[in-house]
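> model this:
(one chain, ligands or ions: 2)
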Amino acid sequence: MKQQLITMCVLVLLPAVGLAAPNYDIRKLSDDVYHYPHNTFQLNDLGHVVWEGRINDDPGAIYLFNGSGIETISTKTYNHNPRINARDEIVWLGWDEAEREWEVFLFDGVTVSQLTTNTQNDYYAQINDNGWVVWAGYDGNDYEIYLYDGLSTRPITQNNVYDVEPQLNNSGQIVWSHGYAINSEYEIPTLTLEKIKFRNFNGLQVHV
Ligand SMILES: [Ca+2]
Ligand SMILES: [Ca+2]
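Ligands and ions are numbered 1, 2, ... in the order given. All right, here's what the predicted structure looks like:
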């Protein structure tokens, strides 16, 4: 699949003077943003931006524009898909080279911690403004939804079908794609195909 580099910019709307047209301040943040396959950057309500940069030819470092400067949150290679909340807390996926699978990492504004330590893939990490994190993790049989509430992690699902693509809001509600049984004829060749197939089967479920 084609890989694409884009330039990361942030636009700030400045107060208009009199009847003059609004002024815009466009600031270039980076020209090495990794844009594959998608969701490699995000803007929060503070006007701060997180993105996934590159180390050599690999996707890698996680960067944060904090309104005045750029912070390097992680320089580990193969970091991916950072998400930021309104408190500048960030989650992303980091590649575990030893086990060759993805883990979930959290930056709480001060330090980086690892929310998963297993030998299976974890995907789709999302964070709300309370610092709660959800993701989908493979349990050796199928995917389940997990929630970290700032103190501990617990499974939200426990079944024999694929549960993926979780999102959560600031009330702690979670929505995710609830897929087909593991004995289905379908495999999971890529994440892109996975999304389409799941939605064509059983639609969405909401956990309140
Ligand atoms: Ca993992
Ligand atoms: Ca499941």
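
> show me what from the protein comes close to ligand 2.
142, 144, 157, 159, 163 (Cβ under 5 Å from the ion). From N, CA and C alone the C-beta is placed, and that goes for glycine too.

> now flag whichever of these is closest to ligand 1.
residue 144 (12.2 Å; Cβ to the ion).

> among the residues of the chain next to ligand 2, which ones are in strands?
144, 163 (DSSP state E).

> tell me who's in contact with residue 99.
With contacts defined as Cβ atoms under 8 Å, 6 or more residues apart in numbering, residue 99 is in contact with 118-119.

> to which secondary structure element is it assigned?
Assigned by DSSP states H and E, residue 99 belongs to no helix or strand.

> and what of the one 5 residues further on?
Assignment of secondary structure by DSSP H and E places residue 104 within strand 101-107.

> kindly report the same for residue 80.
Going by DSSP H and E, residue 80 is part of strand 79-84.

> pLDDT on stretch 106-115, on average?
For stretch 106-115, the mean pLDDT works out to 96.

> which stretches of this protein form helices?
191-201 (DSSP state H).

> what's residue 116 in contact with, if anything?
Residue 116 neighbours (Cβ under 8 Å, 6+ apart): 103-104, 122, 135, 137, 146, 153.

> just the buried residues of these.
103-104, 122, 135, 137, 146 (16 or more other Cβ atoms under 10 Å).

> beta partners for the nearest residue to residue 41 once chain neighbours are set aside?
With Cβ to Cβ, 6 or more residues apart in numbering as the criterion, residue 41 has its nearest non-adjacent residue at 3.7 Å, and that residue is residue 51. According to DSSP bridges, the partner residues bridging residue 51 are residue 41, residue 63.

> cool, residue 113 as well?
Here residue 113, judged by DSSP bridges, has bridge partners residue 106.

> the strand holding residue 80: partners in the sheet, and parallel or antiparallel?
Short version: by DSSP bridges, strand 79-84 pairs with strand 90-96 (antiparallel).

> dump the partner strand to CSV, restricted to CA.
Output of strand 90-96 as CSV, limited to C-alpha atoms (Å, rounded to 0.1, in the frame of the first residue of the first chain):
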residue,chain,number,x,y,z
ILE,A,90,-1.9,10.5,24.9
VAL,A,91,-2.3,6.8,24.1
TRP,A,92,-0.8,5.0,21.1
LEU,A,93,0.3,1.6,20.0
GLY,A,94,3.9,0.6,20.3
TRP,A,95,5.5,-2.4,18.6
ASP,A,96,7.0,-5.1,20.9
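
> that one near ligand 1 at all?
No. Legend: contact between strand 90-96 and ligand 1 by Cβ under 5 Å from the ion is lacking; minimum distance shown is 6.4 Å.
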